[in-house]
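A.B. asks: Below are the sequence and a predicted model; questions follow.
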Amino acid sequence: MHKVRVLTVTDLHLRRSLYDQLKEAVAEHEPDVVACVGDFLDAEDPIRRQDEKLSIPNAAFALSELPCEVVFTRGNHEDECWADFEQEWQLIAQESGKKLNALHGDFFTIGPLTMVGFPCWLGNDEYYSQGRPLGRYNPEAWLPNLLKHTGPAGRTLWLIHEPPSLEIAAYVAYEPEWRDAIVRYQPLVTVSGHDHFTPIRTGQWHTKIGDTVCINAGQRVYPTPGKLVYCLLDFEFPSTKPSLPAGFNFQRVA
């Protein structure tokens, strides 16, 4: 069996303590890839409270130096600030060679694992999308062609900032378009964020839509950050070729 470990985290919002704890979590768990599922930046003034929030250059440095692959999907706070983040990453990459994996209706493959990064309905995607049109984000405009390209491997892990289920999010954070896509294509597991509070308030951080496991781990951000919340996904594959896994398990660390 070939194993791949993914550490997923959402809604860091440039909070210094959360970035520091992420570095510690990566050192402890040694994932093959970290998936930042939106709102790792913050569309609000990043220097409003300098004692708590990182600058964009420091955030880019912190994530780029993680000793594994890093994959991003856009949240509603990756707005105009994304342009500065991307510029800083590319400057760092001139020395490190580390690629910026910014998914937007496309996929990333590491060994036998394929993950699909969804767009975000909210916020301004002009800076992040880099001219990649998605037919008003309707998944039927882009997802079928993507899955034809990936084959069954594309139904392993979907990264979606807005939660697809009211079981793990409040109504204002829920996105029914994503639920419809899950009902139709039944991926193995999805990871979301956006709604920081509902999973922590209710204690319910995962649910199922058909056979799909849908996760929103929540995040303690406001009024002050607490202990970082993240998920570990461990996949086992029958070979090194991209495919659906033979098995997987997941855990929330909070």
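C.D. replies: Structure received.
A.B. asks: C-alpha from now on. contacts and neighbour counts both.
C.D. replies: Noted.
A.B. asks: tell me which strands and helices the helix or strand of the chain with the lowest mean pLDDT is in contact with?
C.D. replies: Ranked by mean pLDDT, DSSP states H and E, the helix or strand of the chain with the weakest confidence is helix 126-129, at a mean of 89. Secondary structure elements in contact with helix 126-129, counted by 3 or more CA pairs under 8 Å, 6 or more residues apart in numbering; DSSP states H and E, are helix 81-96.
A.B. asks: Can you name the next helix or strand after the helix it packs on?
C.D. replies: Downstream of helix 81-96, the next assigned helix or strand under DSSP states H and E is strand 101-103.
A.B. asks: pretty sure A153 is touching P242, no?
C.D. replies: Yes - A153 is within contact range of P242, at 5.7 Å (criterion: CA atoms under 8 Å).
A.B. asks: Find the residues that touch each one of those two.
C.D. replies: Overlap of the contact sets of A153 and P242 (by CA atoms under 8 Å, 6 or more residues apart in numbering) consists of L113, T114.
A.B. asks: neighbouring contacts of stretch 179-195?
C.D. replies: So stretch 179-195 is in contact with 8, 10-11, 37-39, 75, 139-140, 154-165, 169-170, 173, 209-219, going by CA under 8 Å, 6+ apart.
A.B. asks: for stretch 8-26, same thing?
C.D. replies: Contacts of stretch 8-26 (CA under 8 Å, 6+ apart): 7, 34-42, 46, 52-56, 59, 62, 66-67, 77, 161, 191-194, 196, 218-219, 221, 225-233.
A.B. asks: Could you list which of the contacts of stretch 179-195 belong to strands?
C.D. replies: Judged by DSSP state E, the contacts of stretch 179-195 include T8, V37, L157, W158, L159, I209, T212, V213, C214, I215, N216 as members of strands.
A.B. asks: Please look at the third one and T114 and confirm they touch.
C.D. replies: Yes - contact status for L157 versus T114: in contact at 6.9 Å, counting by CA under 8 Å.
A.B. asks: burial count for the residue nearest to S129 when sequence neighbours are not counted?
C.D. replies: Spatially, and ignoring its direct neighbours in sequence, S129 is nearest to H104 (6.5 Å; CA to CA, 6 or more residues apart in numbering). For H104, the count of nearby residues is 22 (other CA atoms under 10 Å).
A.B. asks: quick thing: my sequence starts at 40, can you match it?
C.D. replies: Shifting the count to begin at 40 puts that one at H143.
A.B. asks: Check whether H143 really touches M154, as I assumed.
C.D. replies: No - H143 is beyond contact range of M154, at 11.6 Å (criterion: CA under 8 Å).
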